[in-house]
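# no FASTA, just this:
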DNA sequence: ATTGGCACTCGAACTGTACGAGTGCCAGCG
DNA sequence: CGCTGGCACTCGTACAGTTCGAGTGCCAAT
């Protein structure tokens, strides 16, 4: 029953509320937007919006505030992304130019995003699960110490020192190296994880067999770390400024930032639209303990598949700007990582 | 002019204020502590303490609150560390048992400290500056890609992928490996940093010389990262709960946590007493932008020298408990790292 | 369908008052 | 000389009462 104009009124309410942080009344809508109708008419529309639970009044005689459902309608149907300014575009470019490695790139990504939006920025690492193991190297540091290095084709490298139960000489190490390499290189991380399980089975007793079993365990752990989704974040400090935006405290947000796991799940489970954009609003995050926070994110393309970058902030956030910023950064990131892939 | 009993009154004020979070009056001191004198007498003592600026009254007729100077006197002369409970000791042990590597150990350290104290926990990494480079390994991933791995005897490992300007075959790599190894292994990180500067000088032109220069740059960066002091933290979320403890906002603290550099300097510049304990209180941290925060820390012993663990919280914190917790964790850490050294 | 008018609601801001915790000071006591 | 009880005074807090104004819902008129 909500008319077209009614939706425009909703849009106006969301925009004004985000800007002023105060409940918006019919009068101020008439003043600030040119609807060409009187305040009384707007009031009628607002009554309908309230019936639909898209807006609510904090108390009997005050202006209206969008509900979470209202924000949802706004984001889905009403929001048009605000294109970034030239300065913002150049900021992204200069921030992300010439990163030292993947870690560096991810850190810079969240920094620029938090700078652009003033919110907490989040970025998923590209997944290594489908990356291929290209090298396994064993470096003997001491007779009973081996450095195990794993390299994937997606830029992931990991290393760990193994302390062996018995000393090995160079030829033993060579045997180990050959065996591991034959079994595991070329496999995807996922396949190698399965394969490594069976590696130490069967024969036992010789020093080399013992070592293989030990290494299999360590390599398994390293592979698990590769498979594990990771998250980088920046801008937690901005939350302190937004404190009054949260009815409760910012504690759940800080906790989520520190734990990472929750946010990782949340980011993974978001549903993107056809443009690769996603938003999760207020109570939709209740299951994650974040009923007062919203998260917007954009997919980006990396060798291992798509991953997401986005920002987290109060429900009352500037969705068009934040979505636009996330999308811009995601696009730039896709470009960088594709270039990286091309040069490999 | 402050009498012995006056100091005991100061101690009582600090203790009660930390506990109740309310200005403490002469009456409540008489009630809660057995001084054996009347409230009026306490009031006289309090007047003297106020003359010395060890306590202050928020407004004319209210109880007193310790000043930063008062806390300082309390910490220096009055505080007796509260020994940890058995449960706390076992918590430390079980948390820190059998870490996978140094990173893991540091992370667990700050976790257990934040759990024990309910404050933000900070830990400096042991310094690698005096560690020795034991290995340099080059792994050729592709004709124009080399994985450079550096290993120190203090548990530090770093790796980076170098993209070469020209393809190299295995024999070229062997030459590189031999040259780098001869020049750098056995050196301390500090020495190697100087040595690596001169590495690419002189001859140029051949593929190997070009590669050496490139690798020198990369190794220099990696060594710089080794030398860089690092910090791990946990418990930022606890700040949200302590919010009302900060007159201003918690923003500066969150910012410091995110930046790390400031906290690193602060931790480095603290002055320890003869027990290896240090405290920096309130306005003493003004230069670091943290005039409302206190930090207590304890030295621990690691192969590369001493480093610090501690906690950060509001000026009004429980110094005896926090100092005791930091000391206990530091001692355990020293033991672990010395054991680790012994087994190497 | 839109509008102007009007009565009504309710929070914010301000005032005044009473209360009580806590102080400073002082005369008296051991 | 240090300690004590007493007393007047200060000031923040809590509570109640008041006003003010923004904003609403409803309705009759257009």
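Structure's in. What do you need? Note that the coordinates shown come from a computational prediction; the quantities given were computed from them, not determined experimentally.
# switch to C-alpha atoms for all contacts and neighbour counts from now on
OK.
# distance between the longest helix seen in chain A and the chain's centre?
For chain A, the longest helix by residue count, based on DSSP state H, is helix A:319-342. Averaging C-alpha positions (Cα atoms, centre = their mean, to the nearest Å) puts helix A:319-342 12 Å from its chain's average.
# which parts of that helix are buried?
Across helix A:319-342, burial judged by 16 or more other Cα atoms under 10 Å in any protein chain shown covers A:319-334, A:336-337.
# What residues does the residue in chain A that DNA strand C sits nearest to make contact with?
Proximity of chain A to DNA strand C (Cα to the nearest atom of the strand) peaks at residue A:37, 3.5 Å away. Residues in contact with residue A:37 (Cα atoms under 8 Å, 6 or more residues apart in numbering or on different chains) are residue A:30.
# now swap in residue A:18 and tell me
Residue A:18 sits next to A:316, A:317, A:318 when contact means Cα under 8 Å, 6+ apart.
# What helix or strand is it located in?
If you go by DSSP states H and E, residue A:18 is part of helix A:4-20.
# is that helix anywhere near DNA strand C?
No. Helix A:4-20 does not reach DNA strand C (Cα under 7 Å from any atom of the strand); its nearest approach is 8.2 Å.
# What of stretch A:51-66?
Yes. If you take Cα under 7 Å from any atom of the strand as the test, stretch A:51-66 does meet DNA strand C, through A:59, A:60, A:61.
# Any chance of those residues in JSON lines with neighbour count as columns?
What follows is these, written out as JSON lines (neighbours: other Cα atoms under 10 Å in any protein chain shown):
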{"residue": "A:59", "neighbour count": "8"}
{"residue": "A:60", "neighbour count": "8"}
{"residue": "A:61", "neighbour count": "8"}
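# Helices - which of these land there?
Per DSSP H, the residues of stretch A:51-66 next to DNA strand C never map to helices.
# Just give me the closest of these to residue B:139.
For the residues of stretch A:51-66 next to DNA strand C, the closest approach to residue B:139 (Cα to Cα) belongs to residue A:59, at 68.6 Å.
# give me every residue that touches the closest one.
Residue A:59 neighbours (Cα under 8 Å, 6+ apart): none.
# Can you tell me how far it is from residue A:39?
19 Å (Cα to Cα, to the nearest Å).
# And for residue A:91?
In terms of Cα to Cα, residue A:91 sits 43 Å off from residue A:39.
# again with residue A:211
Taken as Cα to Cα, the span from residue A:211 to residue A:39 is 81 Å.
# So for the two, which sits in the more crowded spot?
Neighbour count, other Cα atoms under 10 Å in any protein chain shown: between residue A:211 and residue A:39, residue A:211 has more, with 26 against 17.
# who are the neighbours in contact with the more buried one?
Taking Cα under 8 Å, 6+ apart as the test, what residue A:211 contacts is A:164, A:165, A:166.
# Can you check these and name whichever has the most neighbours?
residue A:164 (18 neighbours).
# Report the contact partners of the residue lying closest to that one once chain neighbours are set aside.
In space, and not counting its chain neighbours, residue A:164 is closest to residue A:144: 4.9 Å by Cα to Cα, 6 or more residues apart in numbering or on different chains. Applying Cα under 8 Å, 6+ apart, we find residue A:144 in contact with A:163, A:164, A:165, A:166, A:167, A:168.
# still on that earlier bit, is any residue of the longest helix of chain A near chain B?
No. For a cut-off given as Cα under 8 Å from any Cα of the partner chain, helix A:319-342 has no contacts with chain B; the smallest distance is 11.5 Å.
# Measure how that helix sits relative to helix A:4-20, angle-wise.
If you take axes from the mean of the first three to the mean of the last three Cα atoms, to 10 degrees, helix A:319-342 sits at 80 degrees to helix A:4-20.
# same for helix A:319-342, what does it pack against?
helix A:86-96, helix A:102-117, strand A:293-302, strand A:305-314 (3 or more Cα pairs under 8 Å, 6 or more residues apart in numbering or on different chains; DSSP states H and E).
# What residues does chain A have near DNA strand D?
Close to DNA strand D, as judged by Cα under 7 Å from any atom of the strand, chain A has residues A:23-28, A:40, A:43-44, A:46-47, A:60-64.
# What parts of the stretch 51-200 of chain A come near chain B?
The stretch 51-200 of chain A comes close to chain B at residues A:101, A:134, A:135, A:137, A:139, A:141, A:157, A:159, A:160, as judged by Cα under 8 Å from any Cα.
# buried subset of these?
A:134, A:135, A:137, A:139, A:141, A:157, A:159, A:160.
# coming back round to it: pull out the buried members of the residues of chain A next to DNA strand D.
Members of the residues of chain A next to DNA strand D classed as buried by 16+ other Cα under 10 Å are A:23, A:24, A:25, A:26, A:43, A:46, A:47, A:63, A:64.
# Give me the phi and psi for the second one.
It refers to residue A:24. phi -110, psi 130 (degrees, to the nearest 10).
# Report all helices and strands that the helix or strand containing residue A:46 contacts.
Residue A:46 belongs to helix A:39-51 when assigned by DSSP H and E. Counting contacts by 3+ Cα pairs under 8 Å, 6+ apart, helix A:39-51 is packed against helix A:4-20, helix A:26-32, strand A:55-56.
# want to throw the helices and strands packed on helix A:319-342 into JSON lines with mean neighbour count and mean pLDDT?
As requested, the helices and strands packed on helix A:319-342 are exported to JSON lines (neighbours: other Cα atoms under 10 Å in any protein chain shown; pLDDT from 0 to 100):
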{"stretch": "helix A:86-96", "mean neighbour count": "15", "mean pLDDT": "94"}
{"stretch": "helix A:102-117", "mean neighbour count": "21", "mean pLDDT": "94"}
{"stretch": "strand A:293-302", "mean neighbour count": "25", "mean pLDDT": "94"}
{"stretch": "strand A:305-314", "mean neighbour count": "24", "mean pLDDT": "93"}
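# Mind putting those into JSON lines with distance to DNA strand C?
Shown next, in JSON lines, are the helices and strands packed on helix A:319-342 (distance: least, Cα to the nearest atom of the strand, whole Å):
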{"stretch": "helix A:86-96", "distance to DNA strand C": "37"}
{"stretch": "helix A:102-117", "distance to DNA strand C": "29"}
{"stretch": "strand A:293-302", "distance to DNA strand C": "22"}
{"stretch": "strand A:305-314", "distance to DNA strand C": "20"}
